[in-house]
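[1] the following comprises the amino acid sequence and a computationally predicted model.
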Amino acid sequence: MRPATQHALIAAMATTIIAHADELTALDQAIGDGDHGLNMRRGFEAVLSDVDALAGQPLRDALMNLGTILIMKVGGASGPLYGTLFMTLAKELPAEPTVTEAATALDKAITAVQARGKSEPGQKTMLDVLIPVQQVLARGGSDLLRRLPLVAEEAAQATVPMHAIRGRASFLGARSVGHMDPGARSSAVLVAAACSALEGACL
Ligand code: ADP
Ligand code: MG
């Protein structure tokens with residue numbers, strides 16, 4: 001990937017998470033312990049401070065280092081899970097991925113997150129956004145960079161009526177119903193940021 005594209009991609013994900021930190025925290029206040037925005041902002045501030053170095057590295061190294069930063073800085077349940085996602089993408093993505101290769105790599109990364117979190121789709125977690133996004137990516141077709149953010153947004157909305165089975169929200173049982181999962185929202189925000197940066201780079 002060109003360093004300018006990689007820079008735009010990483011900076012977009014980091015700045016979007018930082019901009020949505022209060023919203024993510026509010027969602028986690030409703031059904032968790034209220035730290036998801038703080039956790040994610042701390043991690044992505046560290047990513048943003050390294051963005052120039054990360055942009056100049058081969059895609060594999062940049063994603064591996066980004067995942068390591070998230071594991072070290074985010075904490076909570078989401079830090080190791082997002083770290084696993086990016087580190088598996090690092091291992092699986094070729095230097096210049098096609099859409100098909102990106103879909104295959106994301107599938108492997110989701111499988112790794114599921115193994116780490118002992119979680120399945122439908123349990124009101126980030127997986128409920130990542131999996132539908134991967135499925136649409138795998139089907140391919142035109143206008144993916146515009147369609148994927150909409151898929152992610154709808155999928156995050158679809159966690160509202162779900163009953164949490166994994167993570168802290170599961171402690172609330174049925175009272176988790178009626179609120180969007182914070183990790184689903186952060187995943188949707190990351191997908192939207194990545195797509196808009198890549199769309200800008202492709203124009
Ligand atoms: P913590 O729950 O430790 O406070 P965060 O608030 O940072 O961590 O992250 C919470 C989010 O992490 C949840 O909204 C959910 O999307 C995700 N999550 C938690 N546990 C799991 C799991 N076992 N599998 C997948 N995602 C999970
Ligand atoms: Mg939390």
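    Great, that's in hand. Ligands and ions are numbered 1, 2, ... in the order given.

[2] for whatever residue of the chain ends up closest to ligand 1, list the residues it contacts.
    For the chain, the residue closest to ligand 1 is Gly183, as judged by CB to the nearest ligand atom, at 2.0 Å. Bear in mind the C-beta positions are built from the backbone N, C-alpha and C, glycine included. Applying CB atoms under 8 Å, 6 or more residues apart in numbering, we find Gly183 in contact with 36, 77-78, 81, 125-126, 167.

[3] could you redo the last one with a cut-off of 7 Å?
    Each residue near Gly183 by CB atoms under 7 Å, 6 or more residues apart in numbering is listed here: 36, 78, 125-126.

[4] relative to its centroid, which residue of this protein is most remote?
    Most distant from the centre of the chain: Ala174, at 25.6 Å, with distances by CA atoms, centre = their mean.

[5] wait, it sits on Met162?
    No: assessed by CB atoms under 7 Å, Ala174 is found out of contact with Met162, at 10.9 Å.

[6] just the CA trace of the helix or strand of the chain with the lowest mean pLDDT, in CSV.
    Taking mean pLDDT, DSSP states H and E as the measure, the helix or strand of the chain with the lowest value is helix 182-202, at a mean of 94. Included here for helix 182-202 are C-alpha records, laid out as CSV according to Å, rounded to 0.1, in the frame of the first residue of the first chain:
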residue,chain,number,x,y,z
PRO,A,182,-20.3,-0.2,22.6
GLY,A,183,-17.9,-2.5,20.8
ALA,A,184,-20.3,-2.9,17.9
ARG,A,185,-20.4,0.9,17.6
SER,A,186,-16.6,1.2,17.7
SER,A,187,-16.3,-1.4,15.0
ALA,A,188,-18.9,0.4,12.8
VAL,A,189,-17.0,3.7,13.3
LEU,A,190,-13.7,2.0,12.4
VAL,A,191,-15.2,0.5,9.2
ALA,A,192,-16.7,3.8,8.2
ALA,A,193,-13.3,5.6,8.7
ALA,A,194,-11.3,2.9,6.8
CYS,A,195,-13.7,3.0,3.9
SER,A,196,-13.8,6.7,3.6
ALA,A,197,-10.0,6.9,3.7
LEU,A,198,-9.7,4.2,1.1
GLU,A,199,-12.3,5.8,-1.1
GLY,A,200,-10.4,9.1,-0.9
ALA,A,201,-7.2,7.3,-1.9
CYS,A,202,-8.8,5.5,-4.8
